[in-house]
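**Student:** quick one: sequence and predicted model below, then my questions.
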Amino acid sequence: MTTSRQQLPESIEVKRTDPVYMAHAYLTKVPIAAIVPFIEAFTEPGQLVLDPFAGSGMTGVAAAILGRRARLFDISVLGRHIGLNYQNLVDADAFRKHGEVVMAAARERVGKVYGVRCQHCYGMAELTKTVWSVIVRCGSCCGPVTFYRALEAAGWRKDQMTCPACGSSILSRDTRIGEEPVLDAITCSCSRTQIEQPHTPPLSRPQMAGLRWPDLPIEPHRQMYQASALGRHGLTSTAKFFSARNLAVLAALNAEIERVDDPALRDKLRFAFTAILARASKRYQWSRQRPLNAANANYYVAAVFYEWNVLDLFARKIDALVGSDDWIRSRLGRGTLFDGAVGTDVTYELANAASLPLPDSSVDYVFTDPPFGSNIFYADMSLFQEAWLGEITDWSLEAVVDRTNNGANRTADRYEALLTGALRECVRVLKPGGWISMVFGNSSGAIWSLVQRAVAAAGLTIDPITVATLHKGQRSVKGLASGFENVATLDLVLSMRASEPVPPACLQKPAMADVDAVVQRLLNRESGTTPSHLYLELIRHGFRHGWDLGGLDLRHVSELVAAQGFAVHAKTGLLFGRDAGI
């Protein structure tokens, strides 16, 4: 199978809003729409697609809706749970019915813990969410300060916050000594819209007797323990991220799910359950304007956070999963291999990417998205859901580069060896002439150079014409502006196949003057761009011209455009300057 530049565009921009993408969070998912063009270009209906770093299983969904078969592998227990349940298409009515049954049983078991008194009509109301505030110790008088109240008194300006007792400045980094609820959002029959009112105690305390929940330690050796300062905040185990009320409801709900007899429905309900855990925890950050959602890449608990009604979250997630199933069913096979069939020919197994249980020359195409060096620590963050699944990913096998030395020896050299081994394994199982497409993104030239070496060592050559920029939709403002924080927010898709590779020693080290000239041309040519986009275009130029990418860091690009008078727009994240008039 061959491809052409016309079949694969130079730049692929997709949204992260389809029902499947939104069904369950997982770090750095590649949207289905970004995978589809590559499977279409490199395979025919009925052929076999492999993803050895399968993550949440998006490659499997893309393959299925195109009438291809897929074999997915990863070391991630959470990834397998998500990937298999995307393929677990259940009857919508039965799913909703069982969801209602388990919610009713959980509510009966713990009591009406979300029942509150409406302060407008004094009738019974249902709590939607409670706003909680940390209590910090004033650095001057050592007295307790409720962060939310200090922020409110300062007109919602953090830089103006003061201690009500002594007038000293209050900072977000001040020592946290407690938490308290400050505000409730309720639904009541007296209003067609949600009502906010001062917090009042619930009408019923949770009945905790007989309830069990997991409480796994987040050990100090884990990178995210250090990055999120969990020891300083006392958040050293998974259960500590939940309020007592939500922990009780989650435990009751989980127990009722396990009582469901039908294995497919039980797994799908468990899928809905793990999908709400981050939102049901203290990791859901509060904002005056609107909720900011839960951070999935770290264990950060904001100074002001939400406690959401777990049963409300679960009911809405069931509806979302019905939408995901319907979306897949409506596209399944597209009139080809699986048209009219029940289910898909997609499997997902736990396996090391460098040792796949597949025979030689058995795969038609590989599409994969490996971990990007030290960008994300998947095993650390998946612990939050895997605690409830009862099986934990072996973090020591993860293909990552540790940011701090914890004795695990997960170095750049180890990462290079793992990536090389995985690519060699792909070559082994790939049929002659088959292609491998790999999504990759990083802000470090050293990591890009590592990729070049791994590709060559595996006996592969990247086709420079097909190197595509992948923009996975709108980022947060911080993500858009992060070009000047030296964090790349776009990726490249590198397509390659077995041939006589170019030895890394033969790659040309570009002079900085040449690098600056390319960036300048891109600045003149690209309107409405970001530092990350310029950087990825520079990297793509380097692939196409045989450069050694080792010295090409995003930091240099950021410094160059800043020196020419450019800045990043706070709202759009786009570069502006000189004659922009902003």
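**Tutor:** Alright, I've got the coordinates. Numbering: from 1, shown residues only.
**Student:** all contacts plus neighbour counts: C-alpha atoms, from now on.
**Tutor:** OK.
**Student:** so what's residue 477 scoring on pLDDT?
**Tutor:** The score at residue 477 is 34. That number is its pLDDT.
**Student:** low pLDDT regions in the protein?
**Tutor:** For the chain, residues meeting the criterion pLDDT under 70 lie at 1-6, 291-292, 333-343, 473-489, 526-528, 569-573, 577-582.
**Student:** got the domain ranges for it?
**Tutor:** Domain assignment for the chain, taken from automatic domain parsing, gives 11-90+329-507, 95-322.
**Student:** could I get those domains as JSON lines with mean neighbour count and distance to residue 538?
**Tutor:** Listed next are the domains of the chain as JSON lines, based on neighbours: other CA atoms under 10 Å; distance: least, CA to CA, whole Å:
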{"stretch": "domain 11-90+329-507", "mean neighbour count": "20", "distance to residue 538": "11"}
{"stretch": "domain 95-322", "mean neighbour count": "18", "distance to residue 538": "27"}
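**Student:** make a markdown table from the ones you listed and add distance to residue 561 to it.
**Tutor:** Output for the domains of the chain, formatted as a markdown table (distance: least, CA to CA, whole Å):
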| stretch | distance to residue 561 |
| --- | --- |
| domain 11-90+329-507 | 10 |
| domain 95-322 | 29 |
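**Student:** sec struct for residue 306, please.
**Tutor:** Of the three states, residue 306 takes strand under DSSP: H, G, I helix; E, B strand; the rest coil.
**Student:** tell me which helix or strand the nearest residue to it once chain neighbours are set aside sits in.
**Tutor:** Using CA to CA, 6 or more residues apart in numbering and skipping residues adjacent in sequence, the residue nearest residue 306 is residue 131, 4.7 Å away. Using DSSP states H and E, residue 131 sits in strand 124-137.
**Student:** could you do residue 49 as well?
**Tutor:** Under the criterion of DSSP H and E, residue 49 resides in strand 48-51.
**Student:** contact partners of that strand?
**Tutor:** The contact list for strand 48-51 (CA atoms under 8 Å, 6 or more residues apart in numbering) reads 39, 59, 63, 68-73, 362-369.
**Student:** report the beta-bridge partners for residue 11.
**Tutor:** When bridges are called by DSSP bridges, residue 11 pairs up with residue 469.
**Student:** shouldn't it be in contact with residue 472?
**Tutor:** No: using CA atoms under 8 Å, residue 11 is not in contact with residue 472, being 10.8 Å away.
**Student:** does residue 210 count as helix, strand or coil?
**Tutor:** Assigned by three-state DSSP, the conformation of residue 210 is coil.
**Student:** state the distance from it to residue 100.
**Tutor:** As judged by CA to CA, to the nearest Å, residue 210 and residue 100 stand 22 Å apart.
**Student:** list the residues that contact the residue lying closest to residue 246 once chain neighbours are set aside.
**Tutor:** With sequence-adjacent residues excluded and distances taken as CA to CA, 6+ apart, residue 246 is closest to residue 310, at 6.4 Å. Applying CA under 8 Å, 6+ apart, we find residue 310 in contact with 246, 249, 250, 276, 280.
**Student:** now with 7 Å?
**Tutor:** 246, 249, 280 (CA atoms under 7 Å, 6 or more residues apart in numbering).
**Student:** among those residues, which are in strands?
**Tutor:** Counting by DSSP state E, none of the members of these fall within strands.
**Student:** nearest to residue 225, of those?
**Tutor:** residue 280 (20.3 Å; CA to CA).
**Student:** correct me if wrong: the closest one contacts residue 305.
**Tutor:** No: look at residue 280 against residue 305 with CA atoms under 7 Å: they stay out of range, at 10.8 Å.
**Student:** contacting residues around the strand or helix carrying residue 523?
**Tutor:** If you go by DSSP H and E, residue 523 is part of helix 512-525. Helix 512-525 is contacted from outside by 534, 538, using CA under 7 Å, 6+ apart.
**Student:** between whichever helix or strand comes after it and helix 512-525, how big is the angle?
**Tutor:** Sequence-wise, the next helix or strand downstream of helix 512-525 (DSSP H and E) is helix 531-544. Going by axes from the mean of the first three to the mean of the last three CA atoms, to 10 degrees, helix 531-544 is angled at 120 degrees with respect to helix 512-525.
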